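*Asks:* heads up, no residue letters with this:
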């Protein structure tokens, strides 16, 4: 893989061979063995240059990520004695910082030579262009050139205030949502649809309501005040559900787990501050996952038979 990547970057076998300290015939053999094993042509060759095939382009992008991970593993082993220092420029989704707070506090205690510059956005920013070291996101990452490490999982939950259910009733099936006031997140990749996956398979339900906002927190607060139903990530409404201010419904139709990812650019030398923060982040969420799941037993009850829900509405 390393030889293949170097041939692509050098635009030829001879230049790649010189950079790697091997013979051109050896470089050719490495790439040919890859193509034979995969059963696809990765490079188009001419007397003057080489170019990537469509399959070669996809394989090249994945090789970059794999080789970066290998290099990162080597650096971790070699840099145990290095000390993180400087400013860590961190970008997160707007809803995540409350749950990053204990990690950040512990990190700056462990590494007093590091300061954190935190920026929150609900759009996925360009890490390289905007100068960020690291992002922690709960959304799909479209840029395949970025390194993505899963640090935690969460689910979505439909929830509302007891006062709302007392007035409007409790939806038993996703299709019932057409009769309810649904609070809509304007940055959703699904538009004005809520998606479910459960005993009846996957469903997409068109929803409408009297509030649309680009902030999950605004929708959470509106739901707490009884305005309508919110489709929210579990980590955003943990405290409200524990206290009974919000009540989950339709949970058996929301079984899909989603990732919270640490995302950082492909770099040959990942800094100690970034690596150490990611490791601490993963350790924290492994040790205390309850924030993300709320306890499966609490979310698994059927609507209308959940003792928490019945008591709250009553």
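*Replies:* Everything's here; your move. Note that the structure is predicted; figures quoted are calculated from it, not measured. Residues are numbered from 1 along each chain as shown.

*Asks:* What segments of this structure are strands?
*Replies:* Remark: strands assigned in the chain by DSSP state E are 43-45, 50-52, 86-92, 114-120, 134-137, 146-154, 156-160, 182-185, 193-198, 201-206, 212-213, 229-233, 247-249, 258-265.

*Asks:* and the angle for the longest one with strand 258-265?
*Replies:* In this structure, strand 146-154 runs at an angle of 160 degrees to strand 258-265, with axes from the mean of the first three to the mean of the last three C-alpha atoms, to 10 degrees as the basis.

*Asks:* among the strands of the chain, which is nearest residue 29?
*Replies:* With C-beta to C-beta as the criterion, residue 29 lies closest to strand 43-45 of these, at 13.4 Å. C-beta here means a position set from N, CA and C on the backbone, and glycine is covered the same way.

*Asks:* and the closest one, what does it pack onto?
*Replies:* On a contact count with 3 or more C-beta pairs under 8 Å, 6 or more residues apart in numbering; DSSP states H and E, strand 43-45 meets strand 50-52.

*Asks:* ok, residues contacting the strand it packs on?
*Replies:* 7-8, 11-13, 42-44, 60 (C-beta atoms under 8 Å, 6 or more residues apart in numbering).

*Asks:* Could you point out which of the strands of the chain sits nearest residue 35?
*Replies:* Closest to residue 35 of those, according to C-beta to C-beta: strand 43-45, at 7.8 Å.

*Asks:* Would you mark the buried spots in that closest one?
*Replies:* Residues residue 43 are the ones in strand 43-45 that count as buried (16 or more other C-beta atoms under 10 Å).

*Asks:* roughly how far out does that strand sit from the chain middle?
*Replies:* 36 Å (C-alpha atoms, centre = their mean, to the nearest Å).

*Asks:* Likewise for stretch 202-222?
*Replies:* 20 Å.

*Asks:* Check stretch 50-69 too.
*Replies:* Distance, stretch centre to chain centre, for stretch 50-69: 23 Å (C-alpha atoms, centre = their mean).

*Asks:* Tell me how confident the model is about it, as a mean pLDDT.
*Replies:* Model confidence over stretch 50-69, given as mean pLDDT, is 91.

*Asks:* repeat for stretch 204-214
*Replies:* Here stretch 204-214 scores 92 as its mean pLDDT.

*Asks:* hang on, the earlier thing: export the strands of the chain as a markdown table, with columns for distance to residue 33.
*Replies:* Supplementary listing: those in a markdown table, determined by distance: least, C-beta to C-beta, whole Å:
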| stretch | distance to residue 33 |
| --- | --- |
| strand 43-45 | 13 |
| strand 50-52 | 16 |
| strand 86-92 | 41 |
| strand 114-120 | 44 |
| strand 134-137 | 36 |
| strand 146-154 | 27 |
| strand 156-160 | 45 |
| strand 182-185 | 49 |
| strand 193-198 | 42 |
| strand 201-206 | 42 |
| strand 212-213 | 55 |
| strand 229-233 | 45 |
| strand 247-249 | 54 |
| strand 258-265 | 30 |
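
*Asks:* Who are the packing partners of whichever helix in the chain runs longest?
*Replies:* Using DSSP state H to define each element, the chain has its longest helix at helix 54-78. Under the contact definition 3+ C-beta pairs under 8 Å, 6+ apart, helix 54-78 sits against helix 2-10, strand 146-154, helix 272-287.

*Asks:* Remind me what the first one packs against, helices and strands.
*Replies:* Taking 3+ C-beta pairs under 8 Å, 6+ apart as contact, the helices and strands that helix 2-10 lies on are helix 13-20, helix 24-38, strand 50-52, helix 54-78.

*Asks:* Which residues does that helix contact?
*Replies:* By C-beta under 8 Å, 6+ apart, the residues outside helix 2-10 that reach it are 13, 16, 19-20, 22, 27, 30-31, 34, 42-43, 50, 52, 56, 59-60, 63-64, 67.

*Asks:* Can you select the buried ones from these in PyMOL?
*Replies:* Only the buried entries of the contacts of helix 2-10 go into this PyMOL selection, using 16+ other C-beta under 10 Å:
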select buried, resi 13+16+20+27+30+31+34+42+43+50+52+56+59+60+63+64+67
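
*Asks:* What about residue 41, how many residues nearby?
*Replies:* For residue 41, the tally of surrounding residues (other C-beta atoms under 10 Å) stands at 13.

*Asks:* dump the residue contacts of the closest residue to it other than its chain neighbours.
*Replies:* Excluding the flanking residues, the one nearest residue 41 by C-beta to C-beta, 6 or more residues apart in numbering is residue 53, at 5.3 Å. Contact analysis of residue 53 by C-beta under 8 Å, 6+ apart lists 40-44.

*Asks:* Reformat these as TSV; add distance to residue 151.
*Replies:* Shown next, in TSV, are those (distance: C-beta to C-beta, whole Å):
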residue	distance to residue 151
40	34
41	38
42	33
43	36
44	40
